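**Student:** Starting from these lines, generate the structure:
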Amino acid sequence: MLNKNNTGLVVVDIQGKLAQIVANSDAFLSNCAKLVEGAQALGLPIVWLEQNPDKLGRTSEQIASQLTAFKPITKFTFNGCEELRFIKEIEDSERTSWLICGIEAHICVYQTAMGLKALDYDIHLVSDCVSSREDANKQLAMNKLSAAGVEITGLEMCLYELVKDCRAPAFKHILNLIK
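**Tutor:** Predicted structure coming up:
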């Protein structure tokens, strides 16, 4: 089970035109915004990646506007774990479990999740907060990640798992996000 004291969130490459053309982009962006807001309400550290932003564009405003307390980490490799600043932020957080959201599920999300898994982190792919241009590629990524031991979760499931108790200070905030 997820625990807010040892869990963080990785936001992968929700950028530019690509964020608008992935499958179910409106629902995907809305869910990612809710996940980021929920993570902040729960006090989770957030590590934010951007793939070659000069070419692909910056993070979608809907997401970036919620991440003003954080700085994006620019990367050029598909696996975020090959970027030293990313690994340093992951290690400095002292978190052992990571939720992952972003695009594209079968490329950067997949490779970053596998990279973190190889470093012995407990990885949870938030299924309704990842997308690809083709739904089949998202399904392929989820199947391969699941077979590799990555946990598959959903937006509601992970937030309620993290909040744990309806008396928790963040509960009403989470409840309002999900409504």
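**Student:** so is the residue nearest the centre of the chain in a helix, a strand, or just coil?
**Tutor:** Closest to where the C-alpha atoms of the chain average out (Cα atoms, centre = their mean) is residue 101, at 2.5 Å. Here residue 101 takes the strand state, with states given by DSSP: H, G, I helix; E, B strand; the rest coil.
**Student:** And residue 95, by the same measure?
**Tutor:** Residue 95 - assigned by three-state DSSP - is coil.
**Student:** neighbours around the spatially closest residue to it that is not a sequence neighbour, how many?
**Tutor:** Nearest in space to residue 95, with sequence neighbours left out and distances taken as Cβ to Cβ, 6 or more residues apart in numbering, is residue 8 at 4.2 Å. The C-beta positions use only the backbone N, C-alpha and C, and glycine is treated the same way. For residue 8, the neighbour count with other Cβ atoms under 10 Å is 21.
**Student:** And residue 55, by the same measure?
**Tutor:** Residues near residue 55, counting by other Cβ under 10 Å: 9.
**Student:** Could you list the buried residues of the helix or strand in which it is found?
**Tutor:** Element membership of residue 55, judged by DSSP states H and E, is helix 53-56. Neighbour-count burial for helix 53-56 flags residue 53 (criterion: 16 or more other Cβ atoms under 10 Å).
**Student:** same thing with stretch 159-168?
**Tutor:** 159-163.
**Student:** got it, and stretch 18-30?
**Tutor:** 18-19, 22-23, 25, 28-29.
**Student:** and what of stretch 95-102?
**Tutor:** For stretch 95-102, by 16+ other Cβ under 10 Å, it's 95, 97-102.
**Student:** for these, which one is nearest residue 119?
**Tutor:** residue 98 (10.2 Å; Cβ to Cβ).
**Student:** In three-state terms, label the closest one for me.
**Tutor:** Going by three-state DSSP: residue 98 is strand.
**Student:** residues in contact with it?
**Tutor:** Counting by Cβ atoms under 8 Å, 6 or more residues apart in numbering, residue 98 touches 7-10, 90, 116, 121-124.
**Student:** Those in strands, which ones?
**Tutor:** 7-10, 122-124 (DSSP state E).
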